[in-house]
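Participant: Fold the stuff below for me.
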Amino acid sequence: MKPRPVEGLDPAAPLRPNAARIVATRLAELRSLAGGALDPGASTAQHDTRIAAKRLRYVLEITGSCLGLAAETAGDVAKQLQSVLGEIHDCDVMLPRTAGIESLQDLLRSRRELLFHRFCELWRDEERKGTWEALERVL
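Facilitator: Numbers count the residues shown, from 1 in each chain. Next up is the predicted model:
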């Protein structure tokens, strides 16, 4: 998945306005993908959401100090999203490789289901807490 281009960057401007533009673009990317990832069978959307969370996390790690506590909180959440979605992806990759080993496939399916529920809970909890809106306000 190619990242969305960031519009309006000014190399002569201070860090904060450029950081805000990059973070806003990465956050919009994450939020637009997450809805599709909430479908249990949407493995591609889940993988794309993981990549978007990773991009947001990394830009927040670099620029978070000039954006404040909301950026730090959002970065921590992005890291958690990236982790759980990565584990889901690991299950998706391993399932076809274990064809014919039913006990292992059952284990992977159960693990994937548990991880998927963890992802959904995390996403919905952070939406209720207003994590993304708080980040948008500091931008």
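
Participant: Can you show me the helices along this protein?
Facilitator: Counting by DSSP state H, the chain has helices at residues 15-37, 43-63, 69-97, 102-129, 131-138.

Participant: if I pick the most centrally placed residue in the chain, what's in contact with it?
Facilitator: Residue closest to the mean C-alpha point of the chain, counted by C-alpha atoms, centre = their mean, is residue 53 at 2.4 Å. By C-beta atoms under 8 Å, 6 or more residues apart in numbering, the contact list for residue 53 reads 30, 78-79, 81-82, 85. No exception for glycine: its C-beta is placed from N, CA and C like everyone else's.

Participant: Now do residue 67, the pLDDT please.
Facilitator: As predicted, residue 67 sits at a pLDDT of 96.

Participant: follow-up on the earlier one: farthest pair within the contacts of residue 53?
Facilitator: Of all pairs drawn from the contacts of residue 53, the greatest distance, 12.4 Å, lies between 30 and 79 (C-beta to C-beta).

Participant: out of the two, which sits in the busier spot?
Facilitator: In this view residue 30 and residue 79 are compared by other C-beta atoms under 10 Å, and residue 30 has more residues nearby, 26 against 17.

Participant: in terms of contact, does that one touch residue 49 like I think?
Facilitator: Yes - taking C-beta atoms under 8 Å as the definition, residue 30 is a contact partner of residue 49 at 6.8 Å.

Participant: So for those two, which residues contact both of them?
Facilitator: Contacts common to residue 30 and residue 49, judged by C-beta under 8 Å, 6+ apart, are residue 81.

Participant: follow-up on the earlier one: with distance to residue 39 and pLDDT added, can I get the contacts of residue 53 in CSV?
Facilitator: Formatted as CSV, the entries for the contacts of residue 53 read as follows, by distance: C-beta to C-beta, whole Å; pLDDT from 0 to 100:
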residue, distance to residue 39, pLDDT
30, 16, 98
78, 21, 98
79, 23, 98
81, 16, 98
82, 19, 98
85, 13, 98
